[in-house]
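> next comes the sequence, and after it the predicted model I'd like to discuss.
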Amino acid sequence: MNSLVMIQPALLEYTFEEGPPKPALLDVSSLKPDIILLLDSFFHVVVWKGETIQAWADAGYQDQEEYHSFRDLLAAPAEDAKAILAERFPVPKFIQ
């Protein structure tokens, strides 16, 4: 599977919807304000946050108890990125 990622990078979309992250198109149309994207291109792992998500994170909503779902949304791509970094050799560069 790792050699396939070299040829066709994987892009996952994290949203507030229940369930696992969904594959997203490698296209500018995937850049939406209310999602988080995780790009795995074998040599780089990138976590991108939409404008709304980043504004909420900067405002500290994840630290408030009533926004635990937002905290979970922020943690999910970070945990997946850690798993990728732990199992891959050579270790990819992590960009957040």
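Alright, I've got the coordinates. Numbers count the residues shown, from 1 in each chain.

> partner strands of the one helix or strand residue 94 maps to, with direction?
Take DSSP states H and E as the rule and residue 94 turns out to sit in strand 93-95. Each strand that pairs with strand 93-95, with its direction, by DSSP bridges: strand 44-49 (parallel).

> for whichever helix or strand comes after the strand it pairs with, packing partners?
Per DSSP H and E, the first helix or strand lying C-terminal to strand 44-49 is helix 51-59. In terms of contacts (3 or more Cβ pairs under 8 Å, 6 or more residues apart in numbering; DSSP states H and E), helix 51-59 is packed against helix 68-87. Placement of C-beta: from N, CA and C, glycine included.

> helices and strands around the helix it packs on, which ones?
strand 10-14, strand 36-40, strand 44-49, helix 51-59.

> for the most centrally placed residue in the chain, name its beta-bridge partners.
Nearest to the mean C-alpha position of the chain, by Cα atoms, centre = their mean, lies residue 38 at 3.1 Å. Beta-bridge partners for residue 38, by DSSP bridges, are residue 12, residue 47.

> per-residue pLDDT, it?
You'll see residue 38 listed with a pLDDT of 98.

> residue 89 now?
So residue 89 comes in at 89 (pLDDT).

> please apply the same query to residue 5.
The model reports residue 5 with a pLDDT of 75.

> now the phi/psi pair for the nearest residue to it once chain neighbours are set aside, please.
The shortest distance from residue 5 to any non-neighbouring residue, by Cβ to Cβ, 6 or more residues apart in numbering, is to residue 42 (4.6 Å). Backbone torsions of residue 42, given as degrees, to the nearest 10, read phi 70, psi -50.

> list the contacts of residue 42.
Counting by Cβ atoms under 8 Å, 6 or more residues apart in numbering, residue 42 touches 2, 5-6, 9, 88, 92.

> okay, it: pLDDT?
At residue 42, pLDDT is 93.

> go on, residue 2?
Note for residue 2: predicted pLDDT of 70.
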